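**Q** Give me coordinates for this.
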Amino acid sequence: MTDQQLIKASIEGDQKAQRLFFEKYTKQLFVASMRYSKNKMDAEDALQEAWISIFKSLEKYREEGKLLAWMKRIVINAALRRKQSSWFKNEEIGLHNSADAKLSPIAIDTMSANEILDHVLNLPPGYKEVFTLFVIDGYSHKEIGELLNIEASTSRSKLTLARRKMQQSILKGNKIYAYVS
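**A** Purely as a prediction, here's the structure:
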């Protein structure tokens, strides 16, 4: 069945179509949920909430964009809502402890995707969310501000700090890649 057929049948309450629709996209949506969740259980809960919203909202989907992108937005919103109250608590304020050394361009080129992902996942929660929303999912600072209930300028600041924290982390783990300009 095509996506349009699955959507139409799902709206009509066809449980087989709903199951096929769920099975077709749940792995990709789970990955998105994991990026914004503290752990696997939270990601699963957020994904479940998102699927409920997706099925309730299918009638509103207008094929103006890609279906997967539309569903990912719902998943991301669900995951963000689940942990919204704890995002920016106990985070360092300011630029102290920022790396003075610069990162050699070859540092990133020689790292695997998993190594880079480890550095992203080790960011404090508020930084990780802003970094992931901006760099990986392509949200604007205005959209991030609306999602996280922060100012766009705060989003930009958090992104700058996240990049510096990642640079520090990479420099700490890969001393040979540091150079002084």
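**Q** quick one: low-confidence ranges for the chain?
**A** 64-65, 84-111, 173-181 (pLDDT under 70).
**Q** just the strands in it please.
**A** 102-103, 178-179 (DSSP state E).
**Q** which residues touch Q5?
**A** Q5 makes contacts with A17, as judged by CB atoms under 8 Å, 6 or more residues apart in numbering. From N, CA and C alone the C-beta is placed, and that goes for glycine too.
**Q** From E151, how far off is it?
**A** Distance, Q5 to E151, using CB to CB, to the nearest Å: 44 Å.
**Q** and this structure, what are its domains?
**A** Domain ranges of the chain: 3-85, 102-179, per automatic domain parsing.
**Q** Quick one: distance of the last one to the chain centre.
**A** The gap between where domain 102-179 is centred and where its chain is centred comes out at 12 Å by CA atoms, centre = their mean, to the nearest Å.
**Q** just the longest one next, same as before
**A** Distance, stretch centre to chain centre, for domain 3-85: 14 Å (CA atoms, centre = their mean).
**Q** Go through stretch 127-138 and flag the buried ones.
**A** Judged by neighbour count using 16 or more other CB atoms under 10 Å, the buried positions of stretch 127-138 are 127-134, 137.
**Q** got it, and stretch 136-153?
**A** In stretch 136-153, counting by 16+ other CB under 10 Å, buried: 137, 139, 141, 143-145, 147-148, 150.
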